[in-house]
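Just need the structure, nothing else, for what follows:
(2 chains)
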Amino acid sequence: MMKMEDATLIEVKNLTKIYGDHTAVDGLSFKINNGKIYGLLGPNGAGKSTTMNMMTGCLAPTSGSVKINGFDMFDEPLRAKKCIGYLPEIPPVYGEMTPLEYLRFVADAKGVPYNRAIRQVQEAMELTHIEDMKNRLIKNLSKGYRQRVGIAQAMLGNPDIIILDEPTVGLDPKQIAEIRELIRTLGEIKTVIVSSHILAEIQELCDHVLIISGGKLIANAPIEELQNRTGDRLRLRLSVRGDERGVLKVLSSFDEIEGCTVTGSREDGVINLTLSAAASDDLRDRIFFAMADSRYAVLSMEKEEETLESIFLQLTDETPTSARAAENDRDGEYELIDDRKEDRR
Amino acid sequence: MGAVYRKELKIYMSGMFGYFIIALLLLFMGLFVTLFNLVSGYSDIVYALAGMQWVLIVLIPFLAMRSIAEERHSKTDQLLYSLPLPMRDIVFGKFFAMLTVFAIPTAISTLYPVILTSFGSFSLATAYVSLLGYFLLGISMIALCTFLSSLVESQILAAVISIAALLLIYFMDMITMLIPASALVSFVILAVLELGLALLLWAGTKNANLGIAAAVVLILPTAILYILKADLFVSLIPNFLHAVDLFARFGGFTYGHIDLPGALFYLSFTAFFLFVTVRVMEKRRLA
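Have a look, this model is predicted:
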């Protein structure tokens, strides 16, 4: 299939979903262009699934509109839905059917003529590597295989856009690597939108990131741009033995320092700080000697790499406590990556 | 519609479930025919079919329980919602699949009257019209149970409320007898129902003004009508309950000629509940 660059495939305007008095999605507007892998990133409960459900017609919005290839999802749902393949968070597969039967059913329901359906089902099974399992009942398949059947289902009917909601959740590290590889392959022939709360995944897979937090779109940019956005900023984490007022006084003599947060202290008489500075040069030496001159001992000082991760944390939440909570989540993700390395060994 | 129909039929027929329902319906039909026609010598299949009503009250809820509830439970409804299919096709596909499962034993049962003619005088016309009534009764029950299945997420709960609803309808004539024919009683029942509706609206929208407005709009005209023309309310509720009694309508099919109003009633009952099911599923998307 030819990919036309920069044609708008999806146009989301002021999409809002209100449940009772809780606003799950709050006035989202964005465009999805042809030929990229898009990442929809946000912490749990940010409204990613709700947004995807509305984009695919599974859920009606409270207000706002979704246009797929120019067809309004709620005025011309059948034509709009034909352009989309969707894998919800939980793969919508029937345990009592085999993958082959299931995929034939979906192709049938998507209105693919019989001969073409057979070929498409075959291609989808080859791409997702489920051919060996095609005659087993889906209820006997592992979560990873069910996920693949779900992805294969989304590919049927040759839609322009494939939307995958948290496709790697609940999989083991090896399966995660395989599904990511599969998404990358899909991205070569289709426009793919992937949601995730795992940054590393989005960073690895996507060309373009949409960050959602609290139902609002807080960033919408190509991934390099986001990574460069704060590239000329310096973030330092340090712990100093001394009283808080004195240490802050020393730091206030640096004009370059824009932000300084005391993140608490773990030992008596030791304070931990996070600094951000607009300087492109390294302030570390100067801070070290300034502290030493005032008889404050710098116990540790590290330069924080500005990854998508820290940008994400900055964007989604500025308060130190929730940043720490998010940091714990991040530790979880690192563990996951470590697992994977072990797995390879 | 075809795709959903084929899928549903495949699911019923790939495991034991569909065969189990078919086998049980055939078993009981055979049992009743043997008991009433062969052993007791009645020359009418209607006795067997009357017994079959009880079997339907138990088996139709089991046939229909998974139809919508299980899709929600296993989240496969998201697939159906995202497929380029109108909701109508999904509900009708499911309905016709269940109808097919029910039609198989009914079709096989049409052999009994032919067999029974060899044992003595037996009116084929009466037998086949009764079987038609029985089939229409069955599909009405399927539609009702499909609707009830769309209200809950658990199959078992769907089956339980379906059996309860069918039993309630079965004993409707007895319940009707308990309600006095007086206009006042009908008026009070109607007013209480209207009040209940208003309360439901209030609970659903959490808008007290809307609830009060609905109560006024519903009850006030009823009250005025009662004051002006009380005789309109005489036997209103008993008559209404009698009119929706599925099982009483079957009686019309036992005299050897097709009861057209009865057939229309069964078909509109079926269409009504399928329509409401479509609405419930569309509404769920808005929730």
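
contacts and neighbour counts: CA atoms only from here.
Noted.

which outside residues touch stretch B:126-138?
Stretch B:126-138 is contacted from outside by B:44-46, B:49, B:56, B:60, B:102-103, B:106, B:110, B:113, B:246-247, B:250, B:253-258, B:263, B:266-267, using C-alpha atoms under 8 Å, 6 or more residues apart in numbering or on different chains.

ChimeraX command for the buried members of those?
Only the buried members of those end up in this ChimeraX selection, burial being decided by 16 or more other C-alpha atoms under 10 Å in any protein chain shown:
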select /B:44,45,46,49,56,60,102,103,106,113,246,247,250,253,254,258,263,266,267
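
what's the helix or strand for residue A:182?
Secondary structure assignment for residue A:182, by DSSP states H and E: helix A:173-189.

That helix packs against which elements?
Secondary structure elements in contact with helix A:173-189, counted by 3 or more C-alpha pairs under 8 Å, 6 or more residues apart in numbering or on different chains; DSSP states H and E, are helix A:199-205, helix A:320-344.

Quick one: name whatever helix or strand follows that helix.
If you walk from helix A:173-189 toward the C-terminus, the next helix or strand you reach (DSSP H and E) is strand A:191-196.

who does that next one touch, helix- and strand-wise?
The helices and strands touching strand A:191-196, judged by 3+ C-alpha pairs under 8 Å, 6+ apart, are strand A:37-41, strand A:161-165.

touching chain B at all, the last one?
Looking back up the chat, that one is strand A:161-165. No: residues of strand A:161-165 contacting chain B under C-alpha under 8 Å from any C-alpha of the partner chain: none, with a closest distance of 10.9 Å.

Tell me which strands that strand pairs with, and in which orientation.
Each strand pairing with strand A:161-165, determined using DSSP bridges, is listed with its direction: strand A:84-87 (parallel), strand A:191-196 (parallel).

if we compare those, which one ends up closest to residue A:270?
Distance to residue A:270, taken as C-alpha to C-alpha, is lowest for strand A:191-196 among the strands paired with strand A:161-165, at 37.5 Å.

With only the CA atoms kept, save the closest one in PDB.
Coordinates of each C-alpha in strand A:191-196 appear next as PDB, following Å, rounded to 0.1, in the frame of the first residue of the first chain:
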ATOM      1  CA  THR A 191      -0.700   4.500  10.300                       C
ATOM      2  CA  VAL A 192      -0.600   3.200  13.800                       C
ATOM      3  CA  ILE A 193      -1.700   4.700  17.100                       C
ATOM      4  CA  VAL A 194      -0.500   3.000  20.200                       C
ATOM      5  CA  SER A 195      -1.400   4.000  23.700                       C
ATOM      6  CA  SER A 196       0.800   3.300  26.700                       C
END
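
tell me the angle that strand makes with strand A:37-41.
For strand A:191-196 against strand A:37-41, the angle between stretch directions is 20 degrees (axes from the mean of the first three to the mean of the last three C-alpha atoms, to 10 degrees).

so the nearest residue to residue B:45 once chain neighbours are set aside is in which element?
Closest residue to residue B:45 apart from its sequence neighbours, by C-alpha to C-alpha, 6 or more residues apart in numbering or on different chains: residue B:127 at 5.7 Å. Using DSSP H and E, the element containing residue B:127 is helix B:124-151.

Would you mark the buried spots in that helix?
B:124, B:126-151.

How about the next helix or strand after that helix, which residues are buried there?
Proceeding C-terminally, helix B:124-151 gives way to helix B:155-170 as the next helix or strand, assigned by DSSP H and E. Along helix B:155-170, the positions that meet the burial threshold by neighbour count (16+ other C-alpha under 10 Å) are B:155-163, B:165-166, B:169-170.

The helix or strand hosting residue B:199 and chain A, are they touching?
Using DSSP H and E, residue B:199 maps to helix B:183-205. No: with C-alpha under 8 Å from any C-alpha as the threshold, helix B:183-205 lies outside contact range of chain A, at a closest distance of 9.1 Å.

Can you name every helix or strand that that helix contacts?
If you count contacts as 3+ C-alpha pairs under 8 Å, 6+ apart, helix B:183-205 packs onto helix B:208-228, helix B:236-243.

buried sites along it?
Along helix B:183-205, these residues count as buried under the neighbour rule (16+ other C-alpha under 10 Å): B:183-187, B:190-191, B:194-195, B:197-199, B:201-202.

about what we covered before: quick check: angle from the helix holding residue B:127 to helix B:155-170?
Between the axis of helix B:124-151 and that of helix B:155-170 there is an angle of 130 degrees, by the same axes, to 10 degrees.

Check the offset of helix B:124-151 from the chain's centre.
7 Å (C-alpha atoms, centre = their mean, to the nearest Å).

Quick one: mean pLDDT over that helix.
Over the span of helix B:124-151, the pLDDT mean works out to 94.

and what of stretch B:35-54?
For stretch B:35-54, the per-residue pLDDT values average out at 90.

go on, stretch B:227-238?
The average pLDDT for stretch B:227-238 rounds to 81.

May I have that stretch exported as PDB, CA atoms only?
Included here for stretch B:227-238 are C-alpha records, laid out as PDB according to Å, rounded to 0.1, in the frame of the first residue of the first chain:
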ATOM      1  CA  ILE B 227     -62.400  12.300  37.400                       C
ATOM      2  CA  LEU B 228     -63.900  13.000  34.000                       C
ATOM      3  CA  LYS B 229     -64.300   9.400  32.700                       C
ATOM      4  CA  ALA B 230     -63.900   6.900  35.400                       C
ATOM      5  CA  ASP B 231     -65.400   4.000  33.400                       C
ATOM      6  CA  LEU B 232     -62.300   4.100  31.200                       C
ATOM      7  CA  PHE B 233     -60.400   2.700  34.100                       C
ATOM      8  CA  VAL B 234     -62.700  -0.200  34.800                       C
ATOM      9  CA  SER B 235     -60.600  -3.400  34.500                       C
ATOM     10  CA  LEU B 236     -57.800  -1.400  32.800                       C
ATOM     11  CA  ILE B 237     -54.900  -3.100  34.600                       C
ATOM     12  CA  PRO B 238     -56.300  -6.600  34.500                       C
END
